[in-house]
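Colleague: Model the following, please.
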Amino acid sequence: MAKRIMIQGTMSNAGKSLICAGLCRIFRQDGYKVTPFKSQNMALNSYITEEGLEIGRAQAMQAEAAGIKPKAWMNPILLKPTGDMGSQVIVNGEVLGNMSARDYFAYKKRLIPDIMRAFHKLEEEYDIIVIEGAGSPAEINLKEDDIVNMGLAKMTDAPVLLVGDIDRGGVFAQLLGTLLLLEEDERKRVKGLIINKFRGDKTILDPGIAMLEERGGIPAAGVVPYLKVELEDEDSLTERFEENKRNREVAVEIAVIRVPRISNFTDFLIFENTKGIRLRYVKSVTALRNPDMIILPGTKNTIEDLLWLRQNGLEAAILKAASKGTPVWGICGGYQMLGESLKDPKGMEGGGRTGTVRGMGLLPVETVFAEEKTRTRVTGRFHEIEGMFSSLSGMKFEGYEIHMGRTDGEAEGMSTIRDFISGSETADGAYRGNVCGTYVHGIFDHQDISQAVLKALAEKKGVSFDEFEGIDLKEFKEQQYDLLADELRAHLDMKMIYEIMGEKENGSRD
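Modeller: Below you'll find the model as predicted:
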């Protein structure tokens with residue numbers, strides 16, 4: 001039977017996902033077959049597996065750290081918020097339907113067999129399962145029929161490490177308060193406490209740790225510093241949206257419109273880490289300023305976010321910038337916004353709105369939303385493209401599609417894509433002058449493509465392309481996983497963690 005360890009947090013964004021990823025990399029380095037698992041994830045950033053199934057981005061990232069391919073078993077339930085009161089519910093990688101929060105709360109217990117089926121499947125294939133909780137186990141209004149924190153720990157008989165975020169303050173109250181609100185049998189499952197995101201001299205913290213262990217009755221498993229690692233985030237609590245204030249010379253500036261329901265913003269990781277580029281996430285006209293390129297990203301609700309752009313003036317600002325020659329790229333929902341119209345006859349967007357909404361009119365295409373969701377990985381090749389991005393002509397790429405709508409029209413198709421699942425080939429995207437749109441997430445991830453885009457921006461601006469220092473994204477991420485593992489080894493008591501799992505560091509089991 002696979003060994004297991006569960007990471008729970010005192011709150012959302014305490015650092016559970018990164019701790020899990022780091023442990024996955026450590027166990028892999030130590031010679032184990034390891035897999036991540038999260039029974040229920042709520043996030044707008046998702047990932048499409050090779051089988052065309054949808055899971056949370058965090059589990060895909062953790063699978064990369066473990067050196068394995070992401071599978072739907074790793075995240076059997078994914079909730080993608082469609083508004084403040086409801087979510088699209090995805091089970092075993094496929095859409096079950098949209099539910100209100102109250103309806104899902106009443107329904108979720110019926111998903112326990114799916115959760116345990118997925119967990120047992122992983123048990124058959126792996127030596128260690130690193131389980132991630134969600135939010136806090138001490139949300140007393142949600143504890144009934146819990147399937148993601150202590151409820152899951154009981155179902156899988158998993159020991160728990162509890163993580164607190166010292167960067168936000170009050171970490172001792174976080175940890176001790178969480179323990180206080182747990183039932184006695186739940187407290188017994190907590191085998192170690194982790195203080196995360198610490199800045200400063202740890203010796204100053206030592207008296208507090210001694211008191212924490214005394215009052216909590218549970219040993220500290222480590223104090224993890226605030227880590228400067230660049231890995232994919234999964235939700236809107238990311239610090240990635242903050243103004244990039246790195247001290248470096250900036251040759252080109254890219255603005256990503258931070259719509260309220262932004263999704264899959266991992267598309268821009270390569271730009272964020274390219275020397276000479278500043279990528280900003282903006283949500284107001286004043287913050288937009290005069291970027292060298294504007295990107296409309298994916299969104300879980302294209303129509304509602306388009307209306308948000310219209311109401312706050314950003315649509316008008318983008319149209320003005322485009323008319324002056326500023327390049328505008330739309331990806332997935334952003335591509336849909338760029339068209340002439342968006343039709344949603346059955347209210348599939350989840351905002352309760354049906355009918356037709358005027359698009360931004362920058363591309364001669366229209367989108368119709370349908371019940372069937374497109375989920376697939378693709379390879380593709382750019383067509384012959386005229387204008388400033390002509391250097392993309394003929395280039396190959398790969399990525400994934402995940403959307404509810406179909407977009408057609410009179411615009412020049414931008415590429416031909418081949419579906420991994422069916423093997424069929426179709427046209428994708430559209431361009432007109434300085435405006436480009438595509439359904440393919442990850443299209444910039446290949447270094448040749450991102451460099452071609454940046455070179456075109458540099459030439460337009462009249463700056464030297466030599467100022468850019470591109471990255472191989474795959475190699476970069478591998479370096480970041482190793483850095484994360486090195487930091488965790490240095491600051492966590494790995495001997496204790498192995499003992500908690502009933503495993504020894506040399507690979508022998510008790």
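Colleague: Who's the closest spatial neighbour of residue 68, skipping the chain neighbours?
Modeller: residue 35 (6.3 Å; Cβ to Cβ, 6 or more residues apart in numbering). Glycine gets a C-beta too; all of them are placed from N, C-alpha and C.
Colleague: Beta-bridge partners for residue 437, please?
Modeller: With DSSP bridges applied, residue 437 shows beta-bridge pairing to residue 330, residue 430.
Colleague: what bits of the protein have low per-residue confidence?
Modeller: Scanning the chain for pLDDT under 70 picks out the ranges 233-249, 350-352, 467, 504-510.
Colleague: Going along the chain, name the strands of the stretch 401-510 of the chain.
Modeller: Secondary structure of the stretch 401-510 of the chain (DSSP state E, counting those that start in this stretch): strands at 415-419, 425-428, 430-432, 435-438.
Colleague: nearest to residue 386, of those?
Modeller: Nearest to residue 386, of all the strands of the stretch 401-510 of the chain, is strand 430-432, at 8.4 Å by Cβ to Cβ.
Colleague: what packs against that closest one?
Modeller: When contacts are defined as 3 or more Cβ pairs under 8 Å, 6 or more residues apart in numbering; DSSP states H and E, strand 430-432 packs onto strand 435-438.
Colleague: In CSV, could you pull the C-alpha coordinates for the strand it packs on?
Modeller: Taking C-alpha atoms only, strand 435-438 is exported to CSV below (Å, rounded to 0.1, in the frame of the first residue of the first chain):
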residue,chain,number,x,y,z
VAL,A,435,-4.9,42.0,-33.8
CYS,A,436,-4.5,38.2,-33.2
GLY,A,437,-6.7,35.7,-31.6
THR,A,438,-6.4,32.0,-30.8
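Colleague: packing partners for that strand?
Modeller: strand 328-331, helix 333-337, strand 430-432.
Colleague: Including mean neighbour count and distance to residue 63, could those go into JSON lines?
Modeller: Listed next are these as JSON lines, based on neighbours: other Cβ atoms under 10 Å; distance: least, Cβ to Cβ, whole Å:
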{"stretch": "strand 328-331", "mean neighbour count": "26", "distance to residue 63": "23"}
{"stretch": "helix 333-337", "mean neighbour count": "29", "distance to residue 63": "25"}
{"stretch": "strand 430-432", "mean neighbour count": "23", "distance to residue 63": "33"}
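Colleague: Minimum distance to residue 382: which of the ones you listed has it?
Modeller: For the helices and strands packed on strand 435-438, proximity to residue 382 was assessed by Cβ to Cβ; strand 430-432 is nearest, at 9.5 Å.
Colleague: Run through who's touching that closest one.
Modeller: Here strand 430-432 makes contact (Cβ atoms under 8 Å, 6 or more residues apart in numbering) with 335, 338-339, 362-365, 385, 387, 389, 407, 409, 411-414, 436-437.
Colleague: Just the buried ones among those, please.
Modeller: Those of those that meet the buried threshold are 335, 338-339, 362-363, 365, 385, 389, 407, 411, 413-414, 436-437, by 16 or more other Cβ atoms under 10 Å.
Colleague: Could you single out the nearest of the residues you listed to residue 485?
Modeller: Nearest member of those to residue 485, counting by Cβ to Cβ, is residue 335, at 37.1 Å.
Colleague: How about that closest one, nearest residue that isn't a chain neighbour?
Modeller: residue 437 (3.4 Å).
Colleague: So the one you found is in contact with residue 329, correct?
Modeller: Yes: between residue 437 and residue 329 a contact is recorded at 7.2 Å, counting by Cβ atoms under 8 Å.
Colleague: For residue 371, see how far away the residue lying closest to residue 469 once chain neighbours are set aside is.
Modeller: Spatial nearest neighbour of residue 469, chain neighbours left out: residue 275 (3.6 Å); criterion: Cβ to Cβ, 6+ apart. Distance of residue 275 to residue 371, computed by Cβ to Cβ, to the nearest Å: 45 Å.
Colleague: so how far is the top helix by length along the chain off the chain centroid?
Modeller: For the chain, the helix that runs over the most residues, judged by DSSP state H, is helix 473-491. Chain-centre distance of helix 473-491: 18 Å, with Cα atoms, centre = their mean, to the nearest Å.
Colleague: Buried ones in that helix, by neighbour count?
Modeller: By neighbour count with 16+ other Cβ under 10 Å, helix 473-491 contains the buried residues 473, 476-477, 480-481, 483-485, 487-488, 491.
Colleague: from these, which is closest to residue 502?
Modeller: Nearest to residue 502 among the buried residues of helix 473-491, with distances taken as Cβ to Cβ, is residue 488, at 20.0 Å.
Colleague: contacting residues for that closest one?
Modeller: Residue 488 makes contact with 19, 22-23, 26, 222, 224, 494, according to Cβ under 8 Å, 6+ apart.
Colleague: In this protein, spot the strand with the most residues.
Modeller: Longest among the strand segments of the chain by residue count, using DSSP state E, is strand 365-382.
Colleague: ok so, going back, mind checking which of the contacts of residue 488 are in strands?
Modeller: Using DSSP E, 222, 224 are the members of the contacts of residue 488 that sit in strands.
Colleague: Out of the contacts of residue 488, which comes closest to residue 164?
Modeller: Checking the contacts of residue 488 against residue 164 by Cβ to Cβ gives residue 224 as the nearest, at 10.4 Å.
Colleague: what's the neighbour count on that closest one?
Modeller: Residue 224 has 22 neighbours, counted by other Cβ atoms under 10 Å.
Colleague: do the same with residue 312
Modeller: Number of residues near residue 312 (other Cβ under 10 Å) recorded here: 13.
Colleague: I figured it hits residue 284, correct?
Modeller: Yes: Residue 312 is within contact range of residue 284, at 6.7 Å (criterion: Cβ under 8 Å).
Colleague: Domain parsing of the protein, as residue ranges.
Modeller: Per the record, the chain has its domains at 3-231+477-500, 252-467, by automatic domain parsing.
Colleague: want to throw the strands of the stretch 401-510 of the chain into TSV with distance to residue 305?
Modeller: Shown next, in TSV, are the strands of the stretch 401-510 of the chain (distance: least, Cβ to Cβ, whole Å):
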stretch	distance to residue 305
strand 415-419	24
strand 425-428	21
strand 430-432	19
strand 435-438	15
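Colleague: Quick one: closest of those to residue 260.
Modeller: strand 435-438 (20.4 Å).
Colleague: From residue 8, how far out is the residue lying farthest from the centre of the chain?
Modeller: Largest separation from the mean C-alpha position in the chain: residue 214, at 37.2 Å (Cα atoms, centre = their mean). As judged by Cβ to Cβ, residue 214 and residue 8 stand 21 Å apart.
Colleague: What of residue 482?
Modeller: 26 Å.
Colleague: same check, this time on residue 397
Modeller: Distance of residue 397 to residue 8, given as Cβ to Cβ: 39 Å.
Colleague: before we move on, what about residue 159?
Modeller: From residue 159 over to residue 8 the distance is 11 Å, taken as Cβ to Cβ.
Colleague: what does residue 265 give?
Modeller: Residue 265 is 26 Å from residue 8, where distance means Cβ to Cβ.
Colleague: and if you look at residue 329?
Modeller: From residue 329 across to residue 8, the span is 39 Å (Cβ to Cβ).
Colleague: And for residue 280?
Modeller: Per Cβ to Cβ, residue 280 is found 34 Å from residue 8.
Colleague: okay, those two: which has more neighbours?
Modeller: Counted by other Cβ under 10 Å, residue 280 and residue 8 do not tie: residue 8 has more neighbours, with 29 against 18.
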